Each structure stands twice: as structure tokens, then as C-alpha cells.
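Colleague: For reference, the sequence and a predicted model appear below.
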Amino acid sequence: MTLHSVFFDQASIDAWIAEDAPLLDLTTHLLAVGNTQARIEWRVRGASVAACTEEAARVVQTCGGQVEQVVASGTPLADGELLLCATGAASGLLRAWKVAQNLLEYACGVAHATQRMVQAVQAANPRVAVLTTRKHAPGLRRIALKATLAGGAFPHRLGVGETVLVFGQHRALVEGGWPGLAVRLHHVAPALAEKKCVIEAHSLEEALQAAAAGTDVVQFDKATPQELRCWCPALRVQHPALGVLAAGGIRLDNAADYAATGVDALVTSSLHHAPPADVSVRVAAL
């Protein structure tokens, strides 16, 4: 699976390199090995899923290396399998070394965790999707997005301009409570002709109020699987076309339980904090 639809501009690649090696690689300079022609390989230790390998290759190329082989993002990997290899002057390869390794360890770790969650969810209910949030450290959006896509998940919301998602923090500012929100949503309905409206709820009562206000989707926050098993049937009896999401506290160890509750998708942030993959790096003179 190729994932070229996630865009990384050259300025981002340049910034990653400049952060680690902006002026001088002192060790390479003092050992006088920069002109040595060399080969470098990045390999996984343990099973994993390739992610952001194409961007790691661009790091190498920007540093002057010639990429010989790169495994496509989304490819399942066994212990010891190659992610990326390149040749060129040691000065460039060593400059790219840690930047590419750090990128691959984070991205492959997230992709592998995502794959495992998606597999667990599909085993419980193949019609339930895994959606990942925008709750990650600033600056990581493209990497986190590509890594979770590589593992088989989909984005929940890439930015605040993408969908209408009404949280309790918004409702606190709308005059008139739920009736006031309903009036406002009805007033702006023509502007939402191509958009979905999602409202967060913490109980069945709030979900029914959200549906009455005109939402397309209810997003239950931090509800337990036991609660959702009771709430989903009751909600669908009255609003059969309503979309239902579960969000908050969803992890690999409980994702299957949530998938079996009757919701349409699981919204999770936990995958962004997955343990990194273990990526080994070997450099040898040619």
C-alpha cells in the first residue's frame, strides 16, 4: 500500500535535518571519514509495519545519499526486515542517520499499534471503523496521520474547519441551552449542506437531546462498553439514521469490547502514544 496522499513539503524535511545537524557533524569531521563511500541500512527488530519510509528516504536524498531500496508505507514487516538502504558519501549518510531513524521508530511504532487495534476491532465487528484524533504533540500531524493510515485507521478530524463538532465547551456559550442550540443549527442548516454535524454527549439523555437538536452524529465521550450496549439500541429505535461514535479511553485492550456495543466507529488518541519500533542502523564502507 502506497500512501503518497499525505503531503510533506520539502521545508518540513529540511527542518528535521536542520534541527539535528544544522552546522557541523563534529564527530565525522574529527575522524575525517566524511568522504568515505558507504552504505547504510535501517532494519526493524521485531514485527512491525512500515510507515513514513518515503519521507525517511527523502531525508537521505536531501543529505546527498542515493536510495537503493525503500519499503512502502503500510507493508507488514517481520523481525530483521529492511526498511530503507542507501549509499553515498559518509558525511551525508551520517547526517541523515538519526533523523531517519527517529522518524521511522515513531511512525512504525504507531503503524504497528494501529494495525493491531484495527485487527481486534474488525474481529469483533468488521463494520466498525477506527478513527484517530488530532490530539498529538504540535508538529506531528502529518507523521501521525500517515502512520495511522499505514496501520489501517482513518482520520476522525484533521482540523477544526473540517467538520462541525459541538463539545460541551461550545454549548456552554450558546444561549438557551439545548433549545437554543437547535434553533442555531436549524438557522445555519443550508451552510452545512455538505458537512456533517457531530455533537458530543455523556449520557443517553444528552444523546437524545442532541438528536432532537438536529445532529447527524452523536459522539459519546468516556462512556463504558456496558453503558453503550444499553444506550445504542434505545437511541437507534428513535433515530435509526443517526451515526454513533465512541470516544475517550479507547485502547488496544478494550477496543474489541467497544466495537461490539453497536457504535459505528471508535475515536481514539491512544495510538499516537504507542511505544516506538526498534529500528537498527548499520553503516559499512564500500
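Modeller: Thanks, I have it.

Colleague: Wait, a helix at Ala212?
Modeller: Yes. Assignment of Ala212 by DSSP: H, G, I helix; E, B strand; the rest coil places it within a helix.

Colleague: got a list of what it touches?
Modeller: Counting by Cβ atoms under 8 Å, 6 or more residues apart in numbering, Ala212 touches Trp178, Ala182. To be clear about C-beta, it is placed using only N, CA and C from the backbone, and glycine gets the same treatment.

Colleague: where in this structure is pLDDT low?
Modeller: For the chain, the stretches with pLDDT under 70 are 1-3.

Colleague: Could you break it into its assigned domains?
Modeller: 10-114+275-285, 118-273 (automatic domain parsing).

Colleague: which one of these lies closest to His4?
Modeller: When these are compared by Cβ to Cβ, domain 10-114+275-285 sits nearest His4, at 7.2 Å.

Colleague: hang on, the earlier thing: would you format the domains of the chain as a markdown table with distance to His4 included?
Modeller: Converted to a markdown table, those look like this (distance: least, Cβ to Cβ, whole Å):
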| stretch | distance to His4 |
| --- | --- |
| domain 10-114+275-285 | 7 |
| domain 118-273 | 10 |
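
Colleague: Now Phe7. Nearest residue, chain neighbours left out?
Modeller: Nearest non-adjacent residue to Phe7, counting by Cβ to Cβ, 6 or more residues apart in numbering: Arg142, 7.3 Å away.

Colleague: Near that neighbour, how many other residues are there?
Modeller: 15 (other Cβ atoms under 10 Å).

Colleague: Now do the SS call for it.
Modeller: From three-state DSSP, the assignment for Arg142 is helix.

Colleague: Tell me which residues touch it, please.
Modeller: For Arg142, counting by Cβ under 8 Å, 6+ apart, the contacting residues are Val6, Phe7, Phe8, Ser12.

Colleague: got the end-to-end distance for stretch 214-223?
Modeller: Stretch 214-223 has an end-to-end distance of 22 Å (criterion: Cα to Cα, to the nearest Å).

Colleague: what's the answer for stretch 121-129, then?
Modeller: One end of stretch 121-129 sits 8 Å from the other (Cα to Cα).
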